[in-house]
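K.L.:
Task: produce atomic coordinates for the following.
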Amino acid sequence: RDKDYSLKMFFDDCVAAFPELSLYLPLPGDDEKLLSSGRTGDDEYQRTVGAFFAIYWLMRVDNLGGREGFSFGVGDNWQCPPLSELLGVGKASR
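P.N.:
Numbers count the residues shown, from 1 in each chain. Here you go, the predicted model:
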């Protein structure tokens, strides 16, 4: 495992390895339809990518930030927020 292999890099690799993921996404101008699962294509896309992310985090759970990523996810910058921020350490209680 490469500690510099980021979640964004993993996501890009998954999209490249599984181009059929794009079939879940509606074409511009198309109405979003329910699939045979009863969910929208976007829902199924999010569920599938979420499952890939779970694999990424579980493979890194011991010492590469996997616990935090699996539990709390990432922000818009593809980084886990600092644990102190997640736990509210140092903030005044209300």
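K.L.:
Show me where this structure dips below the pLDDT cut-off.
P.N.:
Filtered on pLDDT under 70, the chain yields the residue ranges 90-94.
K.L.:
mind checking the longest helix of it?
P.N.:
Ranked by residue count under DSSP state H, the longest helix found in the chain is helix 41-58.
K.L.:
what about the closest residue to F10 other than its chain neighbours, how many neighbours?
P.N.:
In space, not counting the residues next to it along the chain, F10 is nearest to Y56; the distance is 4.9 Å by CB to CB, 6 or more residues apart in numbering. To be clear about C-beta, it is placed using only N, CA and C from the backbone, and glycine gets the same treatment. The local packing of Y56 (other CB atoms under 10 Å) involves 20 other residues.
K.L.:
Next up, the contacts around Y56.
P.N.:
Y56 sits next to 7, 10, 66, 69 when contact means CB atoms under 8 Å, 6 or more residues apart in numbering.
K.L.:
Identify the farthest-apart pair in those residues.
P.N.:
F10 and G66 (12.0 Å; CB to CB).
K.L.:
Over to M9: give its phi and psi.
P.N.:
According to degrees, to the nearest 10, the main-chain angles of M9 amount to phi -60, psi -40.
K.L.:
What separation do you get for it and L27?
P.N.:
Distance from M9 to L27, counting by CB to CB, to the nearest Å: 27 Å.
K.L.:
neighbour-wise, which of the two wins?
P.N.:
Taking other CB under 10 Å, M9 and L27 do not tie; M9 has more neighbours (13 against 6).
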